[in-house]
Every structure is written in C-alpha cells, then in structure tokens.
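A.B. asks: Got a predicted structure here, sequence first:
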Amino acid sequence: MKKRSLALLLALVLAIGLTMGGCNSSETSEDPANSEGNESQSGSEGEERVLTIASPYAIGSLTPWISNSDGDRYVLGNVYEALIEANTGAADGVEYVPAIAESWEYTDDMTLVFKIRENVYWQTEGNDLFDEKVQVTAHDVKAVFDFVLDETNASTEWGDLNPLIESVEATDDFTFTVHAKKPSAILLNEISGVLIFPMKAIEEDFDLTQQPVGTGAFIFADYKVDDSVTLTPNPDYRVTPNVDKVVIEIVPDKAVAAIALQNGEVDIVPQILTTDLEAVASDEDLKLIPNSVGWYRYIGINCSNEIFQDLKVRQAISMAIDFEAITETLFGNDFGATLAVNSYGGAVPPEFEGADLEAWKAVYEYNPEKAQSLLEEAGWTKGSDGIYEKDGQKLSFAIKCPTNDQNRVKLGEMAATYLKTIGIDASAQPTEWATMTADIASGNTELFVMGGGSVVGGMNMLFHSVTSQGGSHNVFYPDPELDALLDEGYATIDDDARIEILKEAAMRALENKVHAGGYFEYVQIGMNKRVTDFEKSPTLWYSLCNDYRNVGVDGE
Amino acid sequence: MRIYIIRRLLQMIPTLLIISFMIFGLLYLTPGDPVFLMLGAGESQSISPETYEMVRKDLGLDQPFFVRYLNFVKGAVTGDLGESYVTRQDVFSEIMARMPATLQLTFCAMLISVLVSIPLGILAAVKHNSIWDNISTFLATIGVSLPKFWFALVLIIVFSLKLGWLPSKGIGYLEEGLGTYLSHMALPAISLGLGLAATQTRMIRSSMLDVLGQDYIRFARSKGLKEKIVILGHAMKNALIPVVTVFGSEVGGLLGGAVVTETIFAWPGVGRLIVNSIGKRDYPMIQGATLMLCTLFLLINLLVDICYAGLNPKIRLEKK
C-alpha cells in the first residue's frame, strides 16, 4: 500500500513536471541556451558563440512604435534599425552614425535629406511576412514616418516628432526628405528614435508584437515569457555578427545579476549595484565599464510652493548641502573607478552640449553660515527649538526620494541632515516610483530627488516651463527668459552658436537654483573580459552589431 | 455533498463581487498615473498634453468610476478581463502564460515543505522535550524568523557562487533536460519550501501532541499495538486534519504571493507579474490577476473543506 502511494506520488510529480515544463515557452528553442551550457558552448573554437545579457527590465511591449522600457529597447534595437543611431561612446559626446540611411544633410535649416542604403532588406528568416528578400526603400521609410506622425496610432514617438516635422516625402526610391516645422538641433535625435518596420505587417494584420520583423542584424528567434529572449544572426544583414546567438535574460534583482556575472552565467550586466562593484572589480575575469553618459541625479525644488518662490531660500538650501561630500560618501571607492562627479549645481552631463563644469565649479559654494544669513535676509528667524520660522510658519518640508534607487534615498537623507544642522526641519520621504512621478507632475512635492534629462535636449525636459510639464521633472519654474534661451538654443543649427546659448541657459537655471544640486552618476556596466568591441559604444540601447561596432565573444 | 458544493459555489459570487469592488476602489484611490507610466514618461521622456489626453481617453480613464467598474464586471462575467495597458495583450492570456511556472514552484515548494515538516513535526512530538524536540523547535524558529530575501540570497551565494553546483537564477525547461529543469527548480523551491516547513513543523508538533494525549491513543497502546502503528496508523491521520486547512491556505497564498522568491530567482511567475503591474499601474492586469487568484483561492478552500470532511467522519456526521 505504502509503496503504491509512493509510486503514485512520484508519477504525479513527473506528470505535472512534464505537462507544465514547457508551457511557458512560446516556441521551442532548437538549441537551448541554458546557463550551464553557455560557458561550455563558447569556451573553445568551433563551438557556438553565445552572448548572454542579464537585463533587469521586464519586456513591456515589443511593438516597434510603442516602446515602454529599456527592456523592450534592448530587444527591438537589435531587430529593427532607425535611419541613424546616436553613438554615445564617441569621444566628443553624442555622434550620429549611419544605420538605414548611409548619409544625410541639411539642404537648408528646414529640410533634412537622407540617402537610404541600397543594401537594406526586411528579415526573411523566422517569419511568415517575407518569403524572399525585399529591399527597403525611401517609400517604406516614409510610410513609417507617416504612421507614427498620425496621432490616432498612439505612437510613443508622436509627442516628440509632431512639434518638429511638417511632412516627409520619398523624393526617389533611395532619398527620404524631412520638412521641419521649425529649425531644430534635436531633430536628428528624435529621428534616431524611430524604428523602421514593414507597413506590410499593418496591411496584412501581422502581429509584430509577437513576431518582430525588421532590418537589423538579429532575428527575433524566441521569447520565453518573463524569462529570456533569444536573437540569432540575420543572414541578410550587411555585417556578419560576431556571435551565433544573443540571449537576453530577464533578471530583476540586480544583486543576483551580479552574482550570475561572477558565476560566468551571463556576460553583460547593464547596471552593477554600488554594493557589488568591488566584488566585480576584483574578479580577474570581469571588468567594469562606465556608462558613456553621466546620469544626472538632483534635488529639485518645487517653485510653486510659496516658501520656495523666494530665491534666497532656494540659494540657502543649495548652499547648506555639501554635495561634494555626499558624492564622495556615496561613490568613493578603493578600486579607482569614477562612479560619480558633483554636478556643482549644473544640470547638463559633461558629455552633452551646454555643459560647463569648470564654470559651475567656480560659482559652487558649500557655506552653511552664508545659508543662514540668506534665510535671515529673507525674513526667517530661528525659534526656540532652533528651527527657522516666519509669520508663525516653520521652515519644514519633506524631500521625496524614489525607493527604487538606494543612492537617491541616501542623497535625500544626507541632504536632510545637512539642512537640519542649520535649522531647517527637513526629512527624507522615500516614495514609490509611480507615486513619485505622479506627485512631481501634479506638484504634490516640496523638494524631491529625481534623475534624468541626460539626453539630447534634456534641458527642455528639466527646465522649460512648457515641455517640462509632460515628464517627471516639474519644478514649476516659469522663466520666460530661460524658455527663450532654450527655444533659441535648440533651434540653432550652427554648433558653436548653439553650444554658447545652451551654456548660458544652463548657467541661468543654476543661478536661479530650481535644483539645489546633484551629481552625475557613471553607472557601471559589468562585463566578462571575453566580450569584445562593446566599449566602442557602451550601451544596450542600440544594436550589438552595426557599422561601427560588432560585439562578440572570444574563446579561451 | 453535491448541495453543499453548489451552495459554496453560489456563496463565491457575492464574495468575488465585493473583492472586485475593493480592488477597483483601492486602485482608483492609489496615487500614480497609468498614462504617464504607460507612455514611458519619466526620467528621459516627456509627453505632450495632447498625447496624454488621447491615450487617457483611449484607455477609458476619462469615464466615471462606476461606468469603468461596471464595464470591468461585465467583461469579467463573460471571461474578458481586458487588455493590459503595458503589453496591449489579453490579461487572461498574460496570466495563463505565467501560471505554469507559479504552479510548478508552488508544487515543489509544498512537496519539500511536506517532506520536511511531517517527519520533523512528528519526531518533535513523539520525542517531546528531548534533544530532537529542541532541535526541531530551534530549526523551526530559525526558519520562521529568517527574512525570505536574505535566505534566498544566502542559498544563491553558497550553492551557486561559492560551490558552483546550481544556477543562480531563471527557470529550466524540460526540453532542455531533466537535469537543467531540476537544477533551476532546486534553489527557489528549497527557499520557499523550507520557509513553509518551519511553520508547518510547529503546527504538526502541537497537533500531534494534542492527539497523543487522547484516550484512544492510550487505548491503542494499552492493547499492545506497536508504537509505530500507534503513531503512523492512528495518531498521524488525526493530527494532520487541522494541518490540511493551513496547507490549503498556503497553496492559495503561494499562487500569487511568492513575489520575493520569484523576483530574486528571476522566476517568471504570476507574483512577479502582479508586482510589475502594480509598479506600472497596469489596472486591467492587477484587477484581472487579483480576481483570478481570489477565485482560485476560494476554490482551493472549497477543495480543502471537502477533503476535510472526507478525512473527518465526525464532520460528515455533523453535516447530516
């Protein structure tokens, strides 16, 4: 009886395992890349070269005109191409490089002409949409731009492109022309975000979300829900990828991703937590590569709050916080990496136009005594409890900080401590991300720790009184002069002239202290040393194989 | 019994209606803007007011609360849980795509928990106040006290990073081989199963102690039955009756509540889906998944009650 029960139990275990084991897989991979296999598969010559990436982000939507997260983009960027790509690894900041377009030029300030390559084809493998090689022409590109510029298609690109583009045309089979609504220095950047997909899919009701089909170096081979995406080389692509397979594994816990990297289970981890940096740095098989752009993290001041409308109060807050010490405390290390630099009150990462770190450093001041004098000049006096007050109101506020980044929470906590020492009753308030973004947008904040704007045109997002309202940086600072400078700067095509105007805009924002201060964080990418060519453009946002880099894996 | 089951199934309807209203109401009151998050507005993306309004209308978020709620209930009754704001896919399909992974993990964790807790609980009760009892109590206390995420990370560091025996993350598929499947299952199942075993060991111990003090056990012993038969044949069956109820609740909880384990081990289950959906304020997904899990939970409870009646003739008689 007992033996029979045991046998039944074992049979049940096996039956459940067998019936459920493969259920998550949308497609059975012919040669599965399990983690144990990866090491051996790529270990020696002649064996499959598999590049494994641990992405912390879930796949949201693989629809090419709707991209919700970095996780989507890591996949889509390899399957699709844009006309051009922004190489953030360039020595002098962002540099645009050819993708589907081989060249481009402004024929005047309002007209941008792209020459389309004649050797770009829709992918034919792994899909039922194209049975044979079909060339991509300017007409295909025009159809995609018309699609995303149609508001009813709800493309995430619409909001960026609509204010800039009047119309597009295919002048001939391989010439695509963009007619701008106004001169714009960020037009190229916005165009680099538009992935070119086959309109045939829309016409034939083919589901690109389930089976992405583009022109990129990799074919979408398999998606195991919330687990991994497998990409294989596109034989029709103009460059032969240096890997036989790319596996993007979704590993939400960054600490576990770092362990998997040390364990040899994955090759690239796009963001190593500060607490894991030393372990990765000390591993002789691994290396750390700083992100090519410093990510701006700052303390924003909600200027719609009556207290903070007084410039002296904002100056005092900024001056009371030792951002140099905070940056050193959070990011100081013994392994010689520059993990972050003080922004000295400026908001533009050193890699972008408008940055002027030396000039900002010259005016940066940590001076608690002067901060107190400024508050007193503004009419605030210390009460019996040592806290400043005015008209019966205490100088008391919360600094909201997003819980998804412990460094930002610590920034908020340390800033609150500095403020308390001069008599400001500040406290850090860790807040869930979705709540935080909604609060910033609606103005339900006093001070807040945020990050972002580290993109081309970032100052518009951070400071422009109109365009900043649609993001998570709303400081409610209406400054017509700053708006005018930003409008003028981003509309100036001449590089030197534009940079000067943007520097002026950045300095104006700094002097008006709508941000108390912050730092530029160089997030570290953890990578196995066997990975080659990744550093040329250390990002997963764009394709791993294109004309300017071809990421590969070496054998032993 | 049939009438009892039908009555219980009918009772589920108002329960589910109340639950659906609570979920809907709580989400309505929760701060956070799904349109903002859906369009990726945040650190490096801003959206125009026109786009915002267009998408808000498209999602039906411009409609009054009760209209939206009634639409949700109408859809749910016909089996349509709506479309995810994020993936734009059918909510039911999205949940079902992750359910197998959750079920496998739940089953293996429960199996480990049963295999550990029953012998340990019985041993502790039979050897009451002995070194075995102390060891069992000590282990159970440690198991209950350890934070799940910490225990999971320790397992990963020891068995994956230091010893290199097991993979640190991800699910294994049977088509990749039984070895791969089991090696990926091992750490998450142990992490989850041992946590459950700790609670259950304590419960089995006290239930067993209670039963061992009963007259019929003394009678069985006085008849000269072997101790093994007394324990396994008479005492254990009765001691496990209350434990079945708790097992049922724990299975129900695990179906949506193994969030920490699923996140740390990159396990593609329902718990992780719900947490991601909450972070993105994907209302249809949260509502749909919660409603489905509540239904499952109620069904499991019903099943437990039926088993309970089956195990305990006294209850069957009382019902009559």
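C.D. replies: All right, it came through fine.

A.B. asks: Now B:Ile190: which helix or strand?
C.D. replies: Secondary structure assignment for B:Ile190, by DSSP states H and E: helix B:178-212.

A.B. asks: typo on my end, it should be B:Ala76
C.D. replies: Counting by DSSP H and E, the element that carries B:Ala76 is helix B:65-77.

A.B. asks: pLDDT of that helix, averaged?
C.D. replies: Average pLDDT, helix B:65-77: 90.

A.B. asks: Could you do stretch A:362-380 as well?
C.D. replies: Over the span of stretch A:362-380, the pLDDT mean works out to 95.

A.B. asks: How far does that stretch sit from its chain's centre?
C.D. replies: Between the mean C-alpha point of stretch A:362-380 and the mean C-alpha point of its chain there is a distance of 35 Å (C-alpha atoms, centre = their mean, to the nearest Å).

A.B. asks: List the contacts of residue 227.
C.D. replies: Picking chain A for this. Under the criterion of C-beta atoms under 8 Å, 6 or more residues apart in numbering or on different chains, the contact partners of A:Asp227 comprise A:24, A:249-250, B:170-171, B:266, B:268. Placement of C-beta: from N, CA and C, glycine included.

A.B. asks: The chain in question should be chain B.
C.D. replies: Under the criterion of C-beta under 8 Å, 6+ apart, the neighbours of B:Glu227 are B:Arg221.

A.B. asks: tell me the pLDDT at it?
C.D. replies: We have a pLDDT of 82 for B:Glu227.

A.B. asks: Tell me the spacing between it and chain A.
C.D. replies: 17 Å (C-beta to the nearest C-beta, to the nearest Å).

A.B. asks: go on, B:Asp33?
C.D. replies: Distance of B:Asp33 to chain A, computed by C-beta to the nearest C-beta: 5 Å.

A.B. asks: hang on, isn't B:Gly195 packed against B:Phe149?
C.D. replies: No. Contact between B:Gly195 and B:Phe149 fails when scored by C-beta atoms under 8 Å: they sit 11.0 Å apart.

A.B. asks: I figured B:Gly75 hits B:Leu81, correct?
C.D. replies: Yes. The pair B:Gly75 and B:Leu81 passes the contact test of C-beta under 8 Å, sitting 6.5 Å apart.

A.B. asks: And for B:Thr290, the neighbour number?
C.D. replies: By other C-beta atoms under 10 Å in any protein chain shown, the residues close to B:Thr290 number 21.

A.B. asks: so what's it closest to, chain neighbours aside?
C.D. replies: B:Ile23 (5.1 Å; C-beta to C-beta, 6 or more residues apart in numbering or on different chains).

A.B. asks: Tell me if I'm right that the one you found and B:Ala289 touch.
C.D. replies: No. Between B:Ile23 and B:Ala289 there is no contact under C-beta under 8 Å: 9.7 Å.

A.B. asks: More neighbours: which of those two?
C.D. replies: Between B:Ile23 and B:Ala289, counted using other C-beta under 10 Å, B:Ala289 has the larger neighbour count: 27 against 20.

A.B. asks: now the angle from the helix or strand hosting that one to helix B:65-77?
C.D. replies: Following DSSP H and E, the helix or strand that holds B:Ala289 is helix B:283-311. Here helix B:283-311 runs at 50 degrees with respect to helix B:65-77, directions being taken by axes from the mean of the first three to the mean of the last three C-alpha atoms, to 10 degrees.

A.B. asks: Please name every helix or strand in contact with helix B:283-311.
C.D. replies: Using 3 or more C-beta pairs under 8 Å, 6 or more residues apart in numbering or on different chains; DSSP states H and E as the contact criterion, the elements in contact with helix B:283-311 are helix B:2-29, helix B:65-77, helix B:91-126, helix B:236-257, helix B:270-279, helix B:313-319.

A.B. asks: does any part of the longest one sit near chain A?
C.D. replies: Okay, so that is helix B:91-126. Yes. Using C-beta under 8 Å from any C-beta of the partner chain, helix B:91-126 reaches chain A at B:97-98, B:100-101, B:103-104, B:107, B:111.

A.B. asks: Could you chop chain A up by domain?
C.D. replies: A:16-27+A:49-79+A:216-291+A:525-556, A:81-202, A:295-521 (automatic domain parsing).

A.B. asks: Kindly list the main-chain dihedrals of whichever residue of the stretch 151-300 of chain A sits closest to chain B?
C.D. replies: Of the residues in the stretch 151-300 of chain A, the one nearest chain B is A:Asp226, at a distance of 3.3 Å by C-beta to the nearest C-beta. Backbone dihedrals for A:Asp226, given as degrees, to the nearest 10, come out at phi 60, psi 10.

A.B. asks: So the closest residue in space to it that isn't next to it in sequence: helix, strand or coil?
C.D. replies: Counting by C-beta to C-beta, 6+ apart, B:Pro268 is the residue found nearest to A:Asp226 once chain neighbours are left out, at 3.3 Å. Three states are possible here, and by DSSP: H, G, I helix; E, B strand; the rest coil the one that applies to B:Pro268 is coil.

A.B. asks: For B:Glu94, see how far away B:Pro268 is.
C.D. replies: Per C-beta to C-beta, to the nearest Å, B:Pro268 is found 11 Å from B:Glu94.

A.B. asks: Name all residues that make contact with the residue nearest the centre of chain B.
C.D. replies: Within chain B, the residue whose C-alpha comes closest to the C-alpha centroid is B:Leu254; the distance, by C-alpha atoms, centre = their mean, is 1.3 Å. Contact criterion C-beta under 8 Å, 6+ apart gives B:102, B:105-106, B:109-110, B:192, B:196 as the residues in contact with B:Leu254.

A.B. asks: and with 10 Å instead?
C.D. replies: B:102-103, B:105-107, B:109-110, B:113, B:192-193, B:196, B:261, B:269-271 (C-beta atoms under 10 Å, 6 or more residues apart in numbering or on different chains).

A.B. asks: what two of those residues are the furthest from one another?
C.D. replies: With C-beta to C-beta as the measure, no two of the contacts of B:Leu254 lie farther apart than B:Ser113 and B:Val270, at 19.2 Å.

A.B. asks: residues near B:Trp148, how many?
C.D. replies: Careful, residue B:148 is Lys; it's not Trp. Neighbour count of B:Lys148, defined by other C-beta under 10 Å: 15.

A.B. asks: try B:Tyr216
C.D. replies: Residues lying near B:Tyr216 (other C-beta under 10 Å) number 12.

A.B. asks: Quick check: which element contains it?
C.D. replies: Element membership for B:Tyr216, per DSSP H and E: helix B:215-222.

A.B. asks: counting contacts, what elements does that helix pack onto?
C.D. replies: Helix B:215-222 makes packing contacts with helix B:178-212 when contacts are defined by 3 or more C-beta pairs under 10 Å, 6 or more residues apart in numbering or on different chains; DSSP states H and E.

A.B. asks: contacting residues for the nearest residue to B:Ser168 once chain neighbours are set aside?
C.D. replies: If you skip the residues right next to it in sequence, B:Ser168 has B:Ser160 as its closest partner in space, 3.9 Å away by C-beta to C-beta, 6+ apart. By C-beta under 10 Å, 6+ apart, the residues touching B:Ser160 are A:35, A:256, A:259-260, A:262-263, A:265, B:166-169, B:183, B:187.

A.B. asks: For my notes, confirm A:Ala221 occurs in a strand.
C.D. replies: Yes. Counting by three-state DSSP, one finds A:Ala221 located in a strand.

A.B. asks: Tell me if I'm right that it and A:Asn78 touch.
C.D. replies: No. In this structure A:Ala221 lies outside contact range of A:Asn78 using C-beta atoms under 10 Å: 11.1 Å.

A.B. asks: anything in contact with each of those two?
C.D. replies: Both A:Ala221 and A:Asn78 are in contact with A:229, A:231, A:246, where contact means C-beta under 10 Å, 6+ apart.
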